[in-house]
Structure formats: C-alpha cells, structure tokens
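# kindly generate the corresponding structure for this input.
(chains A and B)
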Amino acid sequence: MNRFDYVRPSSVSEAVAAGAEPGSAFLAAGTNLLDLMKGGIARPTRLVDVGRIPGLDAIETLPDGGVRIGALVRNADLAYHQEFARRFPMVAEALLSGASAQLRNAATTGGNLLQRTRCPYFYDTASACNKREPGAGCDALAGENRQHAVLGWSEACIATNPSDFAVPLAALDAVVEIEGRGGRREVPLTDFHRLPGDTPQIETVLAPGELIVAVRLSADAAAFAGHARYLKVRERTSYAFAVVSAAAALRIADGRIEAARLALGGVALKPWRAREAEAALAGASPGFESFQEAAALALAEARPSGDNAYKIELARRVIARALTLAAAGTPERLPALPGSPFASGGSLHD
Amino acid sequence: MTDPMPGLTGPRARHGSTLGQPLTRRDGVLKVTGAARYAADNHPPGMLYAVLAVSRVARGRVTFLDVEAARAVPGVVEVMTHANAPRLATDPDEKTNPFAFRLNVLQSDRVRFPNQPIAVVIAETLEAATEGAERLAPRFDEEPARAALDDGEVFTPAVVGAGSPADVAHGEVEAGLGAASHRVEATYDTPAQYHNTMETHAVVAAWDGNRLSLDLPSQALAMTQMRLGQLLGIMPGDIHIRSPFLGGGFGSKAGVSGPQLLGIMAARLLGRPVKLVLSREQAFGPVGHRAPTRQTLRLGADGEGRLTALHHHTRTATSSFDDFYEAASGASHSLYASPAIRTSHDAVRLDTGTPTFMRAPGEAPGSLALECAMDEMAEACGMDPLAFRLANYAEVEPMTGRPFSSKALRECYEQGAARFGWAGRPLAPRQMRDEAGLLVGWGMGTATFPALMFQGQARAVIRADGTGLMETGAHDMGQGAWTALAQVAADGLGLPIDAVEFRAGSSDLPDAGIAGGSAHMATAGMAVHEAAAAAIARLADLATGDERSPLFGAGNAGVVARDGRLVRRDDESRHESYADILARAGVAEIEGRGRAARDPAAGADYAMHAHGAVFAEVKVDPELGQIRATRLVGAFAVGRVINPRLVQSQLYGGMIWGLSFALHEKAVVDRRSGRVMNANLGEYHVPVNADVPPMEAILVEEHDPYVNALGIKGVGEIGITGSAGAIANAVRHATGTRVRSFPIGLADLLA
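Next up, the predicted model:
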C-alpha cells in the first residue's frame, strides 16, 4: 500500500502530460490496476485518472462505414450496442464471454487492451518474474504452467495475454488510436502488443504518457458479419480465462471463401493472428478439410513451454470448430452463453 | 448482549410455523439488507486494526524483519513479532485434545508452512497496518519445501479423521480377491482443497482486565471458549464470544485459528480493542484445508456381480507439526455388502498448514473414489451401475453385522432413478448425443453420511405473559439454525413461532455442542426439544395440581401444549392459557433445562447413517473436451425433516459442492516453493451459476426411532457424497474415458 498521488485531468492533452511523468499510471475503471496495486505488483507513484475525460466514451459510425470506439466505452455498453453487435458480432460475443457482468459494466475499451497477464508467478511477488522484475528469471518455466503460452514465447517469459476482446480485434485489423505529447498516431492492433523476447516487461508499443483514445474497426471488418464467431474454451462455463480461444470470420460467396480472418487467444502474450491460415483459406471451399489445414498452419510454429502440449492440439480443434461455426453463419441472436461450446444456457427449471 | 436479530422479535407473517413446514429464513431479510452483523462488522470504541505479515517460504526461520520501517509508518502503533509477542499460559503446540490443533502464534522464529503468520502490525487505520506489514521486508533462512504426496516419508498414523483406527479389516480380503471372477484395481487422486468461506476468518477482541469480549465466527462456541481459556490463562467463563452469523464455516471455524488468536494477543498487548481479518490469500494456510489423497481401491466380484472383497487404501498428508488425516477410506465401511472389507490409510508430512475437517471430511474424497470404483466394477461385470449397487445392498452394516437404525436407501434409488429417467440408459459408454452433437452421459453414485450426535444443552422459559424464550449456544453458518431450531422450540413450547424469543450464537448461552458432523440439528434440536418439554412439564404440574385449574387432576401427561394453552388430552374443551396458569400460581416465569446426547444403548446396537442416491447427466464436447453438468437429481433419506426448504437448500449446496469436487476445485501448489499459486477466488475455481444445472433433491420419507426422539439424521454434508462420483461416472459414460485424477478437466478428454 504505497502512497501515491492522484490527479484527474480534464482533457486528453492534460492526461498525456501528466502520464508522461515518471512513475505515473493511467487509471480508468481500475478493474486490473487496483488489484495489482493491492498485491504490490504495480507500484505507481501517481495515478492519472482518465475516467472522466469527456469525449472518450462514444461509439461513432464513421463516414466510410467503419466504427470508432472511444477508449472509455464500457465493455458491456459496447457489447450491448445493437448496431455494433450486428456489424461486429464476434467482438460482442468475445466481450460477453469475458470476466463477469460486474466487471464488464466497469471495464473500458482501452483498459481491456492493457490488462496484464494472469500468470500466477507474475502475481506472486515472492516468485521470480522477468515481467515484474527484469532479469529476475521466470519461475513459470519449471513451475505450474499448464495454462501458459505455446506460441511466441521466450525463455524470459511464457505468459499469455488474457483479453478476449483483443482477439477478434486482431482478426479484424482493428486500429488503435494513441495520443502522446508528440500528437496522435495509429497502430494496428496486431502490432500493439509485443512478444516477450528478452524484454517481457515491455508489453505494448505505448511510450510513457501515451494514451489509447480509441479503437477503430473498418467497414471491411463489418463485411465479415455474416460468418463470424468467437469460441472460448475454458475450465468452467463462465468467469474463467480462456484455455484457448479463437475468433474466426469468413466472407463466403458462391460456396467459396473469399477472405478469412483468424486469431487465437490464450496461446501467446499477444492476440495471435494466423495469417498463413487465412491465406490458405482464401479461395478454398469451406469445410472440414480446409479448416483442418488452416488449423495445422496456424499452429505450425507452436511448441509447448511446459506441461501444456495439450493446448496445441486443443488450439487446432478450437480453430476448426470456430471456422465451422462461422461458416454456418452468425446466429440471429447472441447465444445465451457467449463464446461457449454449450450454446444454450439451459433453463433453471425445464 | 445486543439482540443479534433486531426486528425479528415482533410479529411477522410467515407461512407455517411448526415442524415440517418450509418456513423462510428468519434472518433472510437481515442478510439481504446488510443488517446482519458479522464479526468483522463490529467497531468498538478505540479499536485498532491488525494486519498479518505471512511467510513466503514453506520451511525455515525468520532471520530479519524491518520492524523499524514498519513502525515508522504514520499510524502504526505496534509491531508484534516472535520477539515481543505475549507468551501463552499453555503452549499452543501442546495437544490438549485431538481437536486442539497446534497454532502458530509467534512463539518462535520457526516457519512451518507458506502463509504462516510471522508478524502482526497494529495501527490506527487498516491502511497504515497494511503498509506497515509490507515494509517488514522479511528475510528467511529457507529449507527445501516438501509439497507433494511423493515428497515425504510414508508412515501409518495411529488414528485418522476424528479418532478412527487407520487400518480396519473384516474378513479375508486377499482370499476374496483371489476367488473373484472380476477384479478392479484403480488409483484415484484428489487435490488439496481450501474451505474458502465467503467470510474469511476474523476477530474483534476487547479486553477488560482479565475478561475478554470477542466477536468471532465460531462453529463451536464452548470448545473455543475452553481452548482460549487454557491458552490465555483465564477462566473460560470470563470469555464472551458473540457469533450470531457465520459466512460459512465448513469445518474451518470449529476452533480458534492462529490468526484469530494473534488478534486477541495483540489486543492484550496494547490494552485496546483490535480487529484482525484475514485476506483471501492468507486464508490459504493457517486456517486449515482438505489434504490431498491418493486412493487405491481393489475390488473383487463373483459371476453374479456380488462383491467378494473391497480394499480401500488412502494415502494422505498432514503438516510437519500436527496430525490430521483425511479418513477417506472410511466411506467403504458401511455402504456396500462384502464378505471382506479392509480400509487402510497411510500418510506423509508436508510443509503445509495443518489440514482439518472440511465439509464431509473423509467421505467427500472417499465416496468419490468408491463410487468410481463401483462403476468400474459394474462395467467389468457388464451390469447397470444401479443394478450392481442393488446387488451389493447392505441389509446390515457390513463390517459389524449391526442392523441399521433405519435405511431407506432402496427407496432413494427407486425414486431418484424414476425421476431422473435412468431406465433405458445404454450400458456401453459414448452412446448418447444431444441434438447439437455433444456427448451425453449418465452416471450415479450412492450418498452416505453417518448420523452423528454430540452433547448439547438448552434452556427454555415460559414467561408471565404466556410467551416463550429458548436459549442455546447454537451456530448459524448459513444452514438455517436460526429458523429450524426456533421451529423446534415453538413446537416444543406449544407456541406460535413469533411468540418465542430464540437466542443463539453466543457463548453465554447453554452449550449447544459443535456445528459439525451434520449433527447440529440433532444435537441442538434435541436439547431445545428437551428443554421445552421440561418447561411444559413444570407448567403442567402447576396446573394439574391446582384445584382451581380446569386441568386439575389430569396428570402432567394428560395435557398437551398447543397455541399457548395446556389442553386436556381426553377433553379438549378443558384448557388453560400459560399466562393464566402462571398468574394464578403467582409465578413470574418457569424454566426448563434440556440436555441432548445419543442414547448409548441405541448407539451401540444400531448403525446410524443417512443415505441417498444421486443421478447426474453431463454433456461433453467431443472434440474440445469441455464438460458441463446438465442435470442432477438426488433422493435422500435423512430421517425427520424439520424444514424442507432449508433441508433442500443444504442438499443443493452439497450437490453443487460435489460438482465442484468432480470438475473444478484444486489448489495448484508449486512443487518447489509449496505455495498455492491460485490463492484467490478468480483462479481457485468453484462452480459459477452457469455451471450449476437444474437440480432436484427429493426428500424420501424415513422414520428413525433410534437416532434421537425427533428422528433427525442431519443433512449438512451428505449432498456432496454420491454427487461427485455420479458426475465422474457420467463423464466416463459420455466419453468412454475414465479419468482418475480430480478435478476432471478438458485436457483429460482431448485424446
């Protein structure tokens, strides 16, 4: 419980200036940061509360048909925004498969992208963690690592990114709008998170003080709305992080796949875009064989980082299933259990 | 004593008021409005906040604590370490009775498990105490941790569970196995589990000289009072414990825990009231857990599917410094008929906190392994699982030959199977799919739990205005004691429930025994029943012996108590109100005292158990392995049901616990450090609402004249037994894969 300053800027430019000061951390809903502070994992000396900056909580349709999601739009508000959910159904499905209703009501668009890994060795301050303390080592490597990464990991870090939301965003070529002291810039979501390499403590491309102000999806992304699903396999039906998840979207014409979008969650320290699989699907006829091939391509580079080889085979199956579901067409209504292989929630008393 | 149930003494419309009626919880409104005051809700004037610093190492010594840095935090009043903690009147390592667990309360620098308290920081605010605890920056002389069942030297404990022999045999097991037509040998692993009461262990302690006032959630007020008296060197009667509500106990609040004692010691050290509340993470260690087990079952059966032998062996773990052994093999003592049964245990010592009683101790993991093994044998015999269990139905207790005091298990099987629709279940696994292509499996398990009873007392008063008072130091852990015991009181006193003031949850009331072993309703209920009967008998003496009473000459057995009046049994037109009887006699009130205990002769002559049958349906995604229970039907014979609403809730809760056992719960322990890596409710999975299927708990009629006069057997734990095994068996039936390591996860089903 270190002492810290708290400032509440009233504009993005004020926030960016304040956030650039050493030791500062942006606070939005705090659904992750406050837990990290209580556990002594994050120790900012100053919280810059961006939660009340006006103008960041809008969902806007852009002239070209895309959508711009303000950084402070709550996860629940976005998922239940009818027009958004109709055009980007797998994003809504991913959002509703994450966390709990209470957390979704609070958590923000920008904050979701910046949530930290759930690796237990990151949270346990008595364990060695290169992400928490660069150079300390990684106790997960020879530890309890059934949930850890099978793609893109390094000896320095085998953690995964826990976000559901980021997975369909990666698949759909979302763009992150960032504001810093030097002005505004844009980064594709697939480039926003970094793989661990030798510097797992550097998790995103954000420079100190840079603030996510919005996330954009293009009209092109909405063209996948008819065949888009998010599938999340987890150890309980709700309120659990993905063991493996997949966002799969297809554009199908005349019985052929015109274009495919595919990304995985729970397998790497970033949402994992599977471009080789997408390329193989383009032009193929949708079906078991092409989906299997895509799945194999997506996992071609995978290797276990510990006691987690099962995740590689599981990921292949999740991809094949997600593509099958997508090919069958996006359901009219979001399923009662979003992202779940158990589509219907069942009634309490039938 | 402040009234723990304000607003509940006045009249209140409810449906039903007597035994057998589904009264709603009398404390329900207080709980949903937040008015119910739990231990940590108390703030006596001048109170300080205490926060624990705990060890990150599993074994070793504390070599350094930066006490100065902690003291330098503004608001910190004191730092209590092994250097300055008050010494105790009785060594907390002394085993004064088998239930007095050894406590780690800063009497030395020794560390014996992760999360052991190594210091207490006491401050004017919770924030200052928290910050102070962080600044202690402890250093340790660390020794290697022994964290897993394979890490220790195996030995056979003298006793297991609550004092049962570790190794018991009846008949010739090896001969029975040798002669069998079918043999099954299988090993089942269950992980360490933590109670995870919603209310973590807490205490608010205030000293006044040598008198001690405590707000402390307790499942055993009198036992806790006694232990604290010994440790603190004061008279137990000088300790007043208030425990009107517990946010769950499950066995972990049966005695005082080390952290709670530290709060009490801090209050004594500083001469000011102190509050100490464990964080969720800190509750993974010093307040008990269920030890891991590795159970090996060896079964033999003849050509007709009758058991020829059953050997149930359990390896479990205890701490390095104390003894508690999960008596998992005990589940095989009394359930199935076999000419040869052996139940045995051995154990290792690990650097963990001491395991303890956790809801259905022994039976929960034991029933799971036994029901899986029975299913494996049914399959080996080519029999339906239910038919196989019926073929091995125990008409008498198999190991002793004693009759059962009552046993409506056959009816449980029948009613449960009928309601579930068990008939027509394909014998072979992996035969059923739903319309979405998911694998569907049906499994079953037999539920059983001993019908225990402890000693308890109660005091009843009939007041001048004709209302009643009932006092007993009973414990409401959420199970509904406030309501069900008041029903027994009202019935016994012949009064509407709103005319009885019911007091419980405080150590200055008569000892109601412990709320554990599913025995609280039988124990406290019988004490209440006896106290009411004693008061009514005295009232009847007053009336029937007075020639001015319309009841004169009826004899005290010739009247019944009903609606605040004594009524002549043979002439209901003759009656008199309690108030009139007392007024004429010039008596302000009369008192009756009741004691409850099992009749020793009945206890010796009869085997006493509750029984049930649980039927489960699961669905499994054939490629992804994800599992979901979709239907649970239980039928339970638990003797007399005082309040069917509360009893069903208890059974549902138990069944969900069984689901949790089969599919979710596991403490993930780092083999190197011994630390629990998922010490939080986000990662230590228990079922969420979406995991809980439609459930039914059928209450099967059962009258038991031997367990106690009320015929109560107890319902707190039996719902777990049978359920976990039924779900595991359903997974096998759905997939064809037999998983023997729990919880069953999707990775187990990916092959």
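# residue contacts, the residue in the stretch 451-600 of chain B that chain A sits nearest to?
As assessed by C-beta to the nearest C-beta, chain A sits closest to residue B:478 within the stretch 451-600 of chain B, at 20.9 Å. Every residue, glycine included, has its C-beta placed from N, CA and C. By C-beta atoms under 8 Å, 6 or more residues apart in numbering or on different chains, the contact set of residue B:478 is B:245, B:246, B:247, B:248.
# possible to save those residues as JSON lines with pLDDT and neighbour count?
As requested, the contacts of residue B:478 are exported to JSON lines (pLDDT from 0 to 100; neighbours: other C-beta atoms under 10 Å in any protein chain shown):
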{"residue": "B:245", "pLDDT": "97", "neighbour count": "24"}
{"residue": "B:246", "pLDDT": "97", "neighbour count": "25"}
{"residue": "B:247", "pLDDT": "97", "neighbour count": "18"}
{"residue": "B:248", "pLDDT": "96", "neighbour count": "19"}
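# sort out for me which of these are in helices.
In helices, judged by DSSP state H, none of those are found.
# quick one: the strands in the stretch 201-350 of chain B?
According to DSSP state E, counting those that start in this stretch, the stretch 201-350 of chain B carries its strands in the segments B:202-208, B:211-215, B:239-242, B:274-277, B:293-301, B:307-319, B:341-350.
# pull the residues that contact the third one.
Right, strand B:239-242. Here strand B:239-242 has contacts from B:1, B:4, B:39, B:211-216, B:218, B:221, B:224-225, B:228-229, B:232, B:505-508, using C-beta under 8 Å, 6+ apart.
# my guess is residue B:203 contacts residue B:215, does it?
Yes: counting by C-beta atoms under 8 Å, residue B:203 touches residue B:215, with 6.9 Å between them.
# tell me which of the two has more neighbours.
With neighbours defined as other C-beta atoms under 10 Å in any protein chain shown, residue B:203 and residue B:215 compare such that residue B:203 has more, 28 against 24.
# the stretch 101-250 of chain A against chain B: which residues are in contact?
Contact residues, the stretch 101-250 of chain A versus chain B (C-beta under 8 Å from any C-beta of the partner chain): A:118, A:120-121, A:124, A:126-127, A:139, A:142-144, A:146, A:233-240, A:243.
# of those, which count as buried by neighbour count?
For these, a neighbour count by 16 or more other C-beta atoms under 10 Å in any protein chain shown gives the buried set as A:118, A:120-121, A:124, A:127, A:139, A:143-144, A:146, A:233-240, A:243.
# which ones among those are found in strands?
Under the assignment DSSP state E, these contribute residue A:233 to strands.
# how is chain B carved up into domains?
B:28-36+B:454-597, B:40-144+B:196-283, B:402-453+B:598-751 (automatic domain parsing).
# same question for the shortest one, mean pLDDT?
In other words, domain B:28-36+B:454-597. Mean pLDDT, computed over domain B:28-36+B:454-597, is 96.
# now do the end-to-end distance for that domain.
30 Å (C-alpha to C-alpha, to the nearest Å).
# next one: phi and psi at residue 288?
I went with chain A, as the question did not name one. Main-chain torsions, residue A:288, degrees, to the nearest 10: phi -50, psi -50.
# show me what contacts it?
Contacts of residue A:288 by C-beta under 8 Å, 6+ apart are A:320, A:324.
# what's the answer for residue B:197, then?
Taking C-beta under 8 Å, 6+ apart, one finds B:246, B:247, B:248, B:249, B:250, B:252, B:253, B:283 in contact with residue B:197.
# distance to chain A added to those, as TSV?
Output for the contacts of residue B:197, formatted as TSV (distance: C-beta to the nearest C-beta, whole Å):
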residue	distance to chain A
B:246	25
B:247	19
B:248	19
B:249	24
B:250	20
B:252	23
B:253	25
B:283	15
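# output those residues as JSON lines; include the columns distance to residue B:381.
Formatted as JSON lines, these follow (distance: C-beta to C-beta, whole Å):
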{"residue": "B:246", "distance to residue B:381": "45"}
{"residue": "B:247", "distance to residue B:381": "46"}
{"residue": "B:248", "distance to residue B:381": "41"}
{"residue": "B:249", "distance to residue B:381": "41"}
{"residue": "B:250", "distance to residue B:381": "37"}
{"residue": "B:252", "distance to residue B:381": "41"}
{"residue": "B:253", "distance to residue B:381": "44"}
{"residue": "B:283", "distance to residue B:381": "45"}
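# what's the closest of the residues you listed to residue A:182?
Nearest to residue A:182 among these, counting by C-beta to C-beta, is residue B:283 at 48.3 Å.
# report pLDDT for that closest one.
pLDDT for residue B:283: 98.
# ok, it touching residue B:199?
No: using C-beta under 8 Å, residue B:283 is not in contact with residue B:199; the gap is 10.1 Å.
# hang on, the earlier thing: can you redo the domains of chain B as JSON lines with distance to residue B:180?
JSON lines is the format used below for those (distance: least, C-beta to C-beta, whole Å):
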{"stretch": "domain B:28-36+B:454-597", "distance to residue B:180": "34"}
{"stretch": "domain B:40-144+B:196-283", "distance to residue B:180": "37"}
{"stretch": "domain B:402-453+B:598-751", "distance to residue B:180": "20"}
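# re the thing from before, tell me the one among the contacts of residue B:197 nearest to residue A:7.
Out of these, the member with the shortest distance to residue A:7 (by C-beta to C-beta) is residue B:283, at 35.7 Å.
# right, and residue B:323 touches residue B:160 too?
No: in this structure, residue B:323 is not within contact of residue B:160 by C-beta under 8 Å, at 9.3 Å.
# more neighbours: the two, which one.
Taking other C-beta under 10 Å, residue B:323 and residue B:160 do not tie; residue B:160 has more neighbours (30 against 18).
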